[in-house]
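Visitor: Okay, predicted coordinates and the sequence, questions at the end:
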Amino acid sequence: MAGVNIKPLEDKILIQAIEAETTTPSGLVIPDSAKEKPQEGKVIAVGPGRWDEDGDKRIPLDVAEGDTVIYSKYGGTEISYNGQAYLILSARDILAVVS
């Protein structure tokens with residue numbers, strides 16, 4: 001997370017997308033226009049969690065910094081910070097943690 005001064009709020013998660021391979025196993029190069037939007041990324045930062053219904057305590061998130069996750073294809077908001085592309089997602093847009 002060196003150099004990233006972005007702290008997500010509540011149940012938001014900052015993700016850096018992991019780009020898909022650009023070459024097929026047989027050696028064909030896939031052009032940018034044919035690539036699918038990535039759905040896998042590395043968690044860069046997580047918010048503290050949202051408040052429970054009573055507003056007494058925070059509900060922690062199921063992911064942590066450094067986790068690799070699979071997220072909803074069209075979820076989140078794309079941002080650029082210091083020349084790097086990131087995605088801010090709600091916790092509900094995270095589908096799975098890759099172990």
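Guide: Thanks, I have the structure now.

Visitor: Spatially central residue for the chain, please.
Guide: residue 15 (2.7 Å; C-alpha atoms, centre = their mean).

Visitor: Can you tell me the SS state at the residue in the chain sticking out farthest from the centre?
Guide: For the chain, the largest distance from the centre (C-alpha atoms, centre = their mean) belongs to residue 26, which lies 29.7 Å off. Three-state assignment for residue 26 (DSSP: H, G, I helix; E, B strand; the rest coil): coil.

Visitor: Show the backbone phi and psi for it.
Guide: Backbone torsions for residue 26, taken as degrees, to the nearest 10, come to phi -90, psi 0.

Visitor: ok, it to residue 77 distance?
Guide: Noted for residue 26: a distance of 36 Å to residue 77, by C-beta to C-beta, to the nearest Å. C-beta: built from backbone N, CA, C; applies to glycine.

Visitor: Residue 9 too?
Guide: 13 Å.

Visitor: burial of residue 71, as a residue count?
Guide: By other C-beta atoms under 10 Å, 23 other residues sit near residue 71.

Visitor: That one touches residue 14, doesn't it?
Guide: No: using C-beta atoms under 8 Å as the test, residue 71 is too far from residue 14 to be in contact (11.8 Å).

Visitor: okay, and the common contacts of those two?
Guide: Common contacts of residue 71 and residue 14 (C-beta atoms under 8 Å, 6 or more residues apart in numbering): residue 87.
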